[in-house]
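[1] with the sequence up front, the predicted model follows.
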Amino acid sequence: MPDWARWFAEALSYEVFLDRYATPEQRRRWDAMHARIVLTPEQKALLGGFVRRMPVFVLNGAWCGDCINQVPIFDHFDRAAPAFEVRYFDRDAQPELREALKINGGHRVPVVVFLSEDFQEVARYGDRTISTYRRMAATQLGPSCPTGLVAPEDRLLGAVIAEWLVEFERAQLLLRLSARLRELHGD
């Protein structure tokens with residue numbers, strides 16, 4: 001079981017992660033995607049209403065098209081939710097962590113780990129949302145790896161934002177309804 005407190009302490013903020021790992025061209029794509037993401041007033045209100053501290057750990061790669069298309073969403077969530085602390089790690093920089101977070105036997109990204117305030121693992125989710133998998137299943141057979149060169153259409157982007165928000169909300173509600181944490185906080 002990973003020592004999440006140690007890993008979280010070593011993880012990077014969104015900007016520092018990109019400054020350290022993205023090439024100028026990759027950074028351009030990350031920034032372009034970040035600019036396309038718009039949270040609705042309802043999404044911002046939901047995120048702003050979260051009260052339980054929730055460290056969130058994201059394993060990803062600056063080179064990864066799936067990460068370019070999804071991870072900027074998490075920065076928007078982090079900015080809208082004072083209870084969140086989202087931090088990032090490069091998949092290839094830490095082989096031990098990469099191994100611990102395999103999905104279906106593979107080194108997939110992004111992988112998001114939701115933690116409690118005392119660094120207990122609450123949930124993990126990755127690498128693509130159901131809308132993305134449905135689109136892929138409808139349009140192609142066999143393996144593929146998006147390059148991030150072509151951004152998803154607006155409708156898919158909206159669905160991906162909403163699906164990731166459900167995962168963040170689910171983890172927050174797990175924390176809010178935790179008997180252990182409710183007793184600790186008297187709520």
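    Right, received. Where do you want to start?
[2] make it CA atoms for all contacts and neighbour counts henceforth
    OK.
[3] any chance you could map the helices in this structure?
    4-10, 14-21, 24-36, 41-48, 65-80, 95-100, 130-139, 154-176, 179-185 (DSSP state H).
[4] deepest in the core, which of the ones you listed is it.
    helix 65-80 (a mean of 22; mean count of other CA atoms under 10 Å).
[5] for it, name the packing helices and strands.
    For helix 65-80, the packing partners by 3 or more CA pairs under 8 Å, 6 or more residues apart in numbering; DSSP states H and E come out as helix 24-36, helix 41-48, strand 84-90, helix 154-176.
[6] can you put the ones you listed in a markdown table and add mean pLDDT and distance to Cys67?
    Listed next are these as a markdown table, based on pLDDT from 0 to 100; distance: least, CA to CA, whole Å:
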| stretch | mean pLDDT | distance to Cys67 |
| --- | --- | --- |
| helix 24-36 | 97 | 9 |
| helix 41-48 | 98 | 21 |
| strand 84-90 | 97 | 11 |
| helix 154-176 | 93 | 12 |
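[7] Lys102: what's it in contact with?
    Arg108 (CA atoms under 8 Å, 6 or more residues apart in numbering).
[8] need phi/psi at it.
    Phi and psi for Lys102, reported as degrees, to the nearest 10, are phi -60, psi 150.
[9] check it and give its pLDDT.
    Reported pLDDT at Lys102 in the predicted model: 93.
[10] please save the CA atoms from the helix or strand bottoming out on mean pLDDT in the chain in PDB.
    Scoring the helices and strands of the chain by mean pLDDT, DSSP states H and E places helix 130-139 at the bottom, with a mean of 80. The C-alpha atoms that make up helix 130-139 are tabulated as PDB, following Å, rounded to 0.1, in the frame of the first residue of the first chain:
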ATOM      1  CA  ILE A 130     -17.300   6.400 -20.100                       C
ATOM      2  CA  SER A 131     -18.200   9.100 -22.700                       C
ATOM      3  CA  THR A 132     -14.700   8.800 -24.100                       C
ATOM      4  CA  TYR A 133     -14.800   5.000 -24.200                       C
ATOM      5  CA  ARG A 134     -18.200   5.000 -25.800                       C
ATOM      6  CA  ARG A 135     -17.000   7.400 -28.500                       C
ATOM      7  CA  MET A 136     -13.900   5.300 -29.100                       C
ATOM      8  CA  ALA A 137     -15.900   2.100 -29.300                       C
ATOM      9  CA  ALA A 138     -18.200   3.600 -31.800                       C
ATOM     10  CA  THR A 139     -15.400   4.900 -34.100                       C
END
